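> Give me a model of this one.
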Amino acid sequence: MNLLILPDTFAICRLAGDAQIPDWTTGDFISITRTTDELSIVCPKNDVPEDVKAERGWRCLRVAGTLDFSEVGVLSALARPLADAGISIFVVSTFDTDYLMAREADLERAVVVLGEAGHCVK
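Purely as a prediction, here's the structure:
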């Protein structure tokens, strides 16, 4: 599988489930998910106000191209070698593809592990 490293460093934010979507959610990659318990936002870390509860310092790898919904095992093929190496990930899936986030400190090791598993990371 081919993966591309996005240039930004990201934050994974947690707001109250009834919170309004904030106006600081800008950038080329943003994910917003609402449940009854929380409003979860993934966006560039520099856009997040300091007082927002967030895990900062995540890098993002995008599966290149468009995935068909019938494809099976895509995330497993990526997550399993990273889990075996002790690398924690956060995953965002969209209609077209999947995004894996790893902590910035783990990015180089994640690239090596994925390469050893037969994936190409650029």
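> Show me the strands in this protein, by range?
2-5, 10-16, 31-34, 38-44, 54-63, 89-93, 98-103, 120-121 (DSSP state E).
> how about the third one: buried residues?
By neighbour count, with 16 or more other C-beta atoms under 10 Å as the criterion, the buried positions of strand 31-34 are S31. For the C-beta atoms, the positions are set from N, CA and C on the backbone; glycine is no exception.
> Restrict that strand to CA atoms and write it as PDB.
What follows is strand 31-34 as a C-alpha-only set of coordinates in PDB (Å, rounded to 0.1, in the frame of the first residue of the first chain):
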ATOM      1  CA  SER A  31     -12.200  15.600  10.900                       C
ATOM      2  CA  ILE A  32     -15.200  16.400  13.000                       C
ATOM      3  CA  THR A  33     -17.200  13.700  14.700                       C
ATOM      4  CA  ARG A  34     -20.100  14.300  17.100                       C
END
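> Mind listing the strands that strand pairs with, and their directions?
Strand pairing for strand 31-34, using DSSP bridges, gives strand 38-44 (antiparallel).
> what about the partner strand, distance to the chain center?
Centroid separation between strand 38-44 and its chain, computed with C-alpha atoms, centre = their mean, to the nearest Å, is 11 Å.
> do stretch 3-22 as well
In terms of C-alpha atoms, centre = their mean, the centre of stretch 3-22 is found 9 Å from the chain centre.
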